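1. fold the stuff below for me.
(one chain, ligands or ions: 1)
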Amino acid sequence: MSENKIPYKIYLEESEMPKDWYNVRADMKNKPAPLLNPGTHEPMTAEELGVVFCEELVKQELDNDNRLIEIPKKIRDFYKMYRPSPLVRAYCLEEKLQTPAKIYYKFEGNNTSGSHKLNSAIAQAFYAKEQGLKGVTTETGAGQWGTALSMACSYLELDCKVYMVKCSYEQKPFRREVMRTYGASVTPSPSETTEIGRKILADHPGTTGSLGCAISEAVEAATRTEGYRYVLGSVLNQVLLHQSIIGVETKTAMDKYGIKPDIIIGCAGGGSNLGGLISPFMGEKLRGEADYHFIAVEPASCPSFTRGVYAYDFCDTGMVCPLAKMYTLGSGFIPSANHAGGLRYHGMSSVLSQLYADGYMEARSVEQTAVFEAAEQFARVEGILPAPESSHAIRIAIDEAMKCKETGEEKTILFGLTGTGYFDMYAYEKFHNGEMSDYIPTDEDLKAGLEGLPKF
Ligand SMILES: *Cc1c(COP(=O)(O)O)cnc(C)c1O
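-> Here you go, the predicted model:
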């Protein structure tokens, strides 16, 4: 098909939407390491995991074999509210950069929660409802996950308790109110409502919280409340599975027009959007059918892939969760206060960690002022005001397109545009006022976090 036949936006028909999630673990020779019981250091059994998570989600978490997992009809119906999401050919950005590269992005921000997180929120809420539960608990940092989950829970009439990192609770009142609009209860973390919260407050008076701490509180609340389970918005195998809808739709759209990406780029917090976007392409690479250059992009201020270690670590501050083998900065690591936006979790998906350790993927870190420069450049030509998280991927996509300009190569670059940035205008304001700084942790800073790794 000739070049100019490719539309600015490719929308699949509803009938072309995926009916299955794709489980990349089925094609991995080296499977991701299992979650371990923090007490015995034995792999967590389904029964043990079932205390914290919904039954069906436990099955998905442990399923390393089934390649395709059917998406229940009720979830597909919900997806139709905001999917299929567009695959955009960034003609305007290409023009502005004067690059011979062809740039595409898959835009996941076209729903009220403003990010891809809704793809997994509806799935997790659905299985909780199916199990006959009353409600779910979770943590949220910047607020996108909590918003997505509260939307999904209100759709299914499920109670939703969100522990929101205290500094975000205070600095992002709008996110908080969106969650409450959808019926969620939102508690600033650390709080007095849990034992672990009270302990953290006693040990660190005045702390403004962290994701790891909010996770501990949400897990405690779930396991202590009859009819509740805990759900998590990233990192876990099941979340990557649900997010594969991003990649499967993208691949369907690209195949339709005979487009084959050379480079696939995504930002990496806990790894769910990146894992989802790359999964069907990674499957081809793992099966030896095609080759792609995958790039994970993380903040220089929270560099789990590029400066972390691959080891078993705690997933939370309170150490109540199972141990996961992942690239990690240590569960005590907290990014510097001037780090804006998300992508601040200390660890990384076990699936992506294994793929990275096996050399299937590259990782790069970028500094935040460079990220906001890319965000602004993108917004001015493509119209969408991107989330700071997504802008990490934009930064590297632009860098790669500029390399093509130097070499004359016509590479096809695909990146994930995970969300919009309307709730991040304080960060944009800092950038515009020249008050944004780049902080890169020193080796000393990182050493402190890594010393907290479990030893066994
Ligand atoms: C949560 C979030 C991310 C990072 O999470 P991953 O699990 O790594 O995908 C990226 N972009 C946006 C807009 C988010 O809300």
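2. contact residues of the stretch 101-250 of the chain facing the ligand?
-> 115, 117, 144, 234 (C-beta under 6 Å from any ligand atom). Every C-beta, even on glycine, is put in place using the N, C-alpha and C of the backbone.
3. need the buried ones from those residues selected in PyMOL.
-> The PyMOL selection below is limited to those of those classed as buried (16 or more other C-beta atoms under 10 Å):
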select buried, resi 115+117+144+234
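4. restricted to helices, list the residues of the stretch 101-250 of the chain next to the ligand.
-> Members of these lying in helices (criterion: DSSP state H): Gln144.
5. tell me the domain boundaries of the chain?
-> Domain segmentation of the chain under automatic domain parsing yields 3-16+83-114+238-450, 34-68+117-230.
6. where along the stretch 301-450 of the chain do the strands fall?
-> Per DSSP state E, counting those that start in this stretch, the stretch 301-450 of the chain has strands spanning 309-314, 323-328, 362-366, 412-417. These are given in chain order.
7. redo those as TSV? Include mean neighbour count, distance to Ile264 and mean pLDDT.
-> Output for the strands of the stretch 301-450 of the chain, formatted as TSV (neighbours: other C-beta atoms under 10 Å; distance: least, C-beta to C-beta, whole Å; pLDDT from 0 to 100):
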stretch	mean neighbour count	distance to Ile264	mean pLDDT
strand 309-314	20	22	96
strand 323-328	26	19	97
strand 362-366	19	11	98
strand 412-417	27	5	98
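8. among those strands, which is nearest the ligand?
-> strand 412-417 (8.1 Å; C-beta to the nearest ligand atom).
9. other SSEs contacting that closest one?
-> Applying 3 or more C-beta pairs under 8 Å, 6 or more residues apart in numbering; DSSP states H and E, one finds that strand 412-417 contacts strand 102-107, helix 237-256, strand 263-267, helix 272-286, helix 388-407.
10. so that strand, near the ligand or not?
-> No. Where contact is defined by C-beta under 6 Å from any ligand atom, no part of strand 412-417 touches the ligand; the two come within 8.1 Å at best.
11. and the contacts of that strand?
-> Outside strand 412-417, the residues within contact range by C-beta atoms under 8 Å, 6 or more residues apart in numbering are 88, 101-109, 116, 246, 250, 254, 259-267, 273-274, 277, 384, 386, 390, 393-394, 396-397, 400-401, 404.
12. buried ones among these?
-> By 16+ other C-beta under 10 Å, the contacts of strand 412-417 give 88, 101-109, 116, 246, 250, 254, 259, 261-267, 273-274, 277, 384, 386, 390, 393-394, 396-397, 400-401, 404 as buried.
13. which stretches of this protein have low pLDDT?
-> Within the chain, the ranges that satisfy pLDDT under 70 run 1-4.
14. spatially central residue in it, please.
-> Ser272 (3.8 Å; C-alpha atoms, centre = their mean).
15. where's that one relative to the ligand, distance?
-> Ser272 sits 3 Å away from the ligand when distances are taken as C-beta to the nearest ligand atom, to the nearest Å.
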